[in-house]
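Trainee: my questions concern the predicted model and sequence given below.
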Amino acid sequence: PAFGAKTSSEAGGARCELKQDKEHRWNAFSDHRYLTLNQILKSTQSGTKPRVVIGQIHDNTRNLVMIKYYGPSNATGTNDKGVIKAVFNSEPNAEEVVLDDAYKLGEKMTVIIGCKNKKGFVEYTKGKTSVSASKTIDTNNVKGGTYFKIGVYPQEIGADPGGNSGARLTISTVKQSVVT
């Protein structure tokens with residue numbers, strides 16, 4: 001559950017995350033790395049902004065590739081259907097690609113997120129449906145090393161970590177791979 005500390009960033013809500021430590025960061029310019037996640041988004045913030053980030057490739061200041069759930073504007077937070085998108089941070093604007101336009105909270109998904117040859121890529125599978133997306137990402141302005149972050153990041157500013165207002169994500173397996 002998203003019971004972690006609140007942030008001062010635009011997201012501003014409570015979060016819970018697992019990220020690579022500084023000793024294991026890598027280079028999005030030259031490395032070919034990917035992370036495979038088997039996960040279930042079980043609940044979201046109810047109300048008008050039920051958006052949740054569930055996986056990212058990040059540098060010291062921003063995300064380069066992100067997997068994000070967008071729930072309906074009248075979300076109850078439990079049985080909703082929403083959209084899962086890949087967001088690629090390329091200059092001058094971010095590009096979004098729909099991976100699933102009918103994700104129902106509680107459904108199992110497998111997501112592969114990675115970088116290769118200055119491109120971010122995502123492979124999304126739910127049941128027998130599989131979608132892939134790849135876009136050039138802005139690696140010219142990468143600050144520090146790149147790293148994977150997974151977890152649950154409700155996008156509601158001021159979401160209360162103690163008030164059951166955050167999302168819940170179950171991650172069953174995580175596997176990082178390095179291709180040489």
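Mentor: Received, thanks.

Trainee: what does stretch 110-128 contact?
Mentor: With Cβ atoms under 8 Å, 6 or more residues apart in numbering as the contact definition, stretch 110-128 has outside contacts at 28-29, 31-39, 54-57, 64-65, 67, 84, 86, 88, 97, 99-100, 103, 107-109, 130-137, 139, 146, 148, 179. All C-beta atoms are positioned from the backbone trio N, CA, C, and that covers glycine.

Trainee: can you say which of these are buried?
Mentor: Neighbour counting over those (16 or more other Cβ atoms under 10 Å) leaves 28, 31, 33-35, 37, 39, 54-57, 64-65, 67, 84, 86, 88, 99-100, 103, 109, 131, 133-135, 137, 139, 146, 148 as the buried ones.

Trainee: stretch 28-48 - what's its average pLDDT?
Mentor: For stretch 28-48, mean pLDDT is 81.

Trainee: stretch 75-90 now?
Mentor: pLDDT averaged over stretch 75-90 gives 88.

Trainee: for that stretch, which positions count as buried?
Mentor: Quick answer for stretch 75-90 (16+ other Cβ under 10 Å): 75, 77, 80, 82-90.

Trainee: in strands, which of those appear?
Mentor: Among these, DSSP state E puts 82-89 in strands.

Trainee: can I get these in TSV including distance to K118?
Mentor: Putting those into TSV (distance: Cβ to Cβ, whole Å) gives the following:
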residue	distance to K118
G82	30
V83	27
I84	24
K85	21
A86	16
V87	17
F88	11
N89	12
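
Trainee: of the residues you listed, closest to I171?
Mentor: I84 (15.2 Å; Cβ to Cβ).

Trainee: which residues does the closest one form a beta bridge with?
Mentor: Listed beta-bridge partners, I84: Y69, D100 (assigned using DSSP bridges).

Trainee: and for G145, the neighbour number?
Mentor: 17 (other Cβ atoms under 10 Å).

Trainee: any idea how far the host helix or strand of M66 is from the chain center?
Mentor: According to DSSP states H and E, M66 maps onto strand 63-70. Strand 63-70 sits 4 Å away from the centroid of its parent chain (Cα atoms, centre = their mean, to the nearest Å).

Trainee: over to stretch 54-63?
Mentor: Counting by Cα atoms, centre = their mean, stretch 54-63 comes out at 9 Å from the chain centroid.

Trainee: endpoint to endpoint, that stretch covers what distance?
Mentor: Start-to-end span of stretch 54-63 (Cα to Cα, to the nearest Å) is 12 Å.

Trainee: excluding its own residues, what touches that stretch? List them.
Mentor: With Cβ under 8 Å, 6+ apart, stretch 54-63 has contacts from 19, 28, 35, 37, 39, 41, 53, 64-69, 87, 89, 111, 113-115, 120, 142-153, 169.

Trainee: now the residue nearest in space to the middle of the chain: which helix or strand?
Mentor: Centroid-nearest residue in the chain, with Cα atoms, centre = their mean: G55, separated by 2.5 Å. Following DSSP H and E, the helix or strand that holds G55 is strand 51-58.

Trainee: that's all I had, so thanks and see you.
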